[in-house]
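>>> Here you go, sequence then predicted model.
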Amino acid sequence: MRLLVLLFLICLSAWPISVANALSEQDKRVYADIMALRQTPIVWQLKQRKDADAGFLLAFKDALYLIFTEDYSQYEVHLARIEQQIDLQNMRKNTSEKAFFCYTELLTLSALVKLRFENKLAAIWALRKAFQELEVFRQKYPKSHLPLKNLGALNILTASTPARYQWALKLIGLQGNNKKGLAMLDSAALGADPRALQAALYKALIKTYMTKNNAANEVEKLMKAYPEHIPVLFAAGVVALKNKQTDKAQQLFLKLILNADRIPYAHYLLAETYLYGLETQKAKVHYTLFLKMYKGKNYRKDAHFKFFLALYLENPVLSLSERNSHAQLINSSGLQATEQDQYAAKVGVNLVNFSANSLIKARLLYDGGYYSRALILLNSTETTQWAASSPQMVEFYYRKGLIFLNTGQTEEARSELERAYLLGKELPHFYAANAALQLGVICQNHYKDREKAIFYWQAVLNTPEHEYKNTLDDKATQYLKQIAKQK
């Protein structure tokens, strides 16, 4: 999800807001309509105009549409128009600072669209070109702060690429740097112009998704300053959801949909908030809207599975035909590129025997930050129904461990997570792997036990294949690299 969030903000807050003061009043309204995905007459009229700003706004509209909808049927057509504008802006780039900057923004948008559609090789080369041209811009206009936003974000994006892909970036000389990227964003965030807002949004998302720091205060300040701004609403919502402030996230996504109801992913996120609180009727409504509006291939299996889950929580006595019908929807729709879809596909093959026990309800409540409700449910669960080394017992200890960890009860958390790891380390489920990851953090930060932390992080890498193997392995690898530098 972190890549989707970062791409959303980069594209949503792209060129027009960065040079908003240079736009005509009409084009400012056009930009606002495009950003909200509204098809208004002044947006339609862009195609009849021949000026550079109109061409750029159309390219921005195309990029935003592709990022929001992941519409593969329109990918080639829209990308071709973006690439055509890149060629036109390339011819104009030396006429002014604004023209050169617009050219670099289009290069960045093109790279991110390709990355969104899994065209990784083309995306890497496009990112390289964007980096190069942004550096040329800095040399040509050394006093300009315009490129710092994109350079900072791209440095962090490439530096945060999973370890298994870093060799390809190094091969073509494309290496990001988190420290350098953050410093650029710090510089870009100074002042009160639109670029400062963009940089502040990037920093909030980076703190939340990549450095595990709490960005709630920064986002709260932005919300007070820009209460109706769509990128701010989205950023505030995802930060709240990541921090398990589900009720707050829910209100923000409702407001976002009210201001820009054609953003499919907003319905998906809103449905998540309802499901976490076990509000199944409302969850089903918004999963349905997401599946209806969204033209992409990712998150479809996940949305279909969660619709089934909401239905099952309402009525556990589902017929065999109903189960088979939902299993077919899960298995036949979308891709398995995301870990959420991989999990849905794994569970979806056996919906006939699916049982939504108290563990699933506790998992949803935990994901929503409803810790007290989840713990009450687990404490009232009769565990003698499960074998001692069953996946259910592993998840039982794992879930209690996470609840204790998130409520500041470190000793209890360590005890429960150790049980989960020992019981589940040979099973093809993610519980033991994530338990080991968290135990490493506890040993390092709370007990200052370096050797034990290394033991647990290496244990993550040794767990069997599971649906979150890549993500958890990457996190463990990063922790091992960090602790190695502390010798």
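Nice, thanks for sending it over.
>>> Show me how the protein divides into domains.
2-213, 272-353, 367-484 (automatic domain parsing).
>>> Would you indicate which residues of stretch 183-200 are buried?
Judged by neighbour count using 16 or more other C-beta atoms under 10 Å, the buried positions of stretch 183-200 are 184-185, 187-189, 194-200. Placement of C-beta: from N, CA and C, glycine included.
>>> now do stretch 80-98
Under 16+ other C-beta under 10 Å, the buried positions of stretch 80-98 are 82, 85-86, 88-89, 93, 98.
>>> any idea of the mean pLDDT for it?
Averaged over stretch 80-98, pLDDT sits at 92.
>>> what does stretch 118-125 give?
On average, stretch 118-125 scores 86.
>>> Likewise for stretch 376-383?
Computed over stretch 376-383, the average pLDDT equals 95.
>>> Could you tell me the end-to-end distance of it?
This stretch, stretch 376-383, spans 14 Å end to end (C-alpha to C-alpha, to the nearest Å).
>>> what does that stretch contact?
357-359, 361-362, 365, 393, 396, 399-400, 403 (C-beta atoms under 8 Å, 6 or more residues apart in numbering).
>>> Narrow these to just the buried residues.
Of the contacts of stretch 376-383, these count as buried by 16+ other C-beta under 10 Å: 359, 361-362, 365, 393, 396, 399-400, 403.
>>> tell me the two of these that are most distant?
Greatest spacing in these, by C-beta to C-beta: L365 and M393 (19.1 Å).
>>> tell me the SS of the most far-flung residue of the chain relative to its centre?
The C-alpha centroid of the chain is most remote from T384, which lies 38.4 Å away (C-alpha atoms, centre = their mean). Secondary structure, DSSP: H, G, I helix; E, B strand; the rest coil: T384 is helix.
>>> What helices and strands are in contact with the strand or helix carrying E395?
Taking DSSP states H and E as the definition, E395 sits inside helix 391-406. If you count contacts as 3 or more C-beta pairs under 8 Å, 6 or more residues apart in numbering; DSSP states H and E, helix 391-406 packs onto helix 358-367, helix 371-379, helix 410-424, helix 431-445.
>>> Direction-wise, compare the second one with helix 358-367 and give the angle.
Note on geometry: by axes from the mean of the first three to the mean of the last three C-alpha atoms, to 10 degrees, helix 371-379 and helix 358-367 are set 160 degrees apart in direction.
>>> Begin at 863 from now on, thanks
Will do, 863 is the new start, and the previous item becomes helix 1233-1241.
>>> in helix 1233-1241, what counts as buried?
Quick answer for helix 1233-1241 (16+ other C-beta under 10 Å): 1233, 1235-1237, 1239-1240.
>>> picking that back up, reformat the buried residues of stretch 942-960 as TSV; add distance to Q1107.
Compiled in TSV, those are given as follows (distance: C-beta to C-beta, whole Å):
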residue	distance to Q1107
I944	36
Q947	40
I948	40
L950	45
Q951	41
K955	44
K960	40
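>>> Among those residues, which ones are in strands?
Using DSSP state E to define strands, no part of the buried residues of stretch 942-960 is located there.
>>> out of these, which one sits closest to F1115?
I944 (28.6 Å).
>>> you'd agree that closest one is up against F918?
No: using C-beta atoms under 8 Å, I944 is not in contact with F918; the gap is 10.1 Å.
>>> Need the overlap of contacts for the two.
By C-beta under 8 Å, 6+ apart, the residues touching both I944 and F918 are L968.
>>> Please enumerate the helices of the stretch 913-1062 of the chain.
914-931, 937-954, 959-978, 982-1002, 1010-1021, 1025-1033, 1040-1050, 1056-1071 (DSSP state H, counting those that start in this stretch).
>>> Look up how far H1291 lies from the residue farthest from the centre of the chain.
Using C-beta to C-beta, to the nearest Å, T1246 is found at 21 Å from H1291.
>>> What is the least confident helix or strand in this protein?
helix 877-880 (a mean of 46; mean pLDDT, DSSP states H and E).
>>> what bits of the stretch 1063-1212 of the chain have low per-residue confidence?
Low-confidence segments of the stretch 1063-1212 of the chain (pLDDT under 70): 1072-1075.
>>> Quick one: the helices in it, in order.
Under DSSP H, counting those that start in this stretch, the stretch 1063-1212 of the chain gives helices at 1078-1087, 1092-1104, 1108-1121, 1126-1138, 1142-1155, 1162-1176, 1182-1194, 1201-1210.
>>> what would those look like in a markdown table with distance to G1286 and mean neighbour count?
Shown next, in a markdown table, are the helices of the stretch 1063-1212 of the chain (distance: least, C-beta to C-beta, whole Å; neighbours: other C-beta atoms under 10 Å):
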| stretch | distance to G1286 | mean neighbour count |
| --- | --- | --- |
| helix 1078-1087 | 33 | 16 |
| helix 1092-1104 | 25 | 24 |
| helix 1108-1121 | 27 | 20 |
| helix 1126-1138 | 24 | 24 |
| helix 1142-1155 | 29 | 19 |
| helix 1162-1176 | 22 | 22 |
| helix 1182-1194 | 25 | 15 |
| helix 1201-1210 | 16 | 20 |
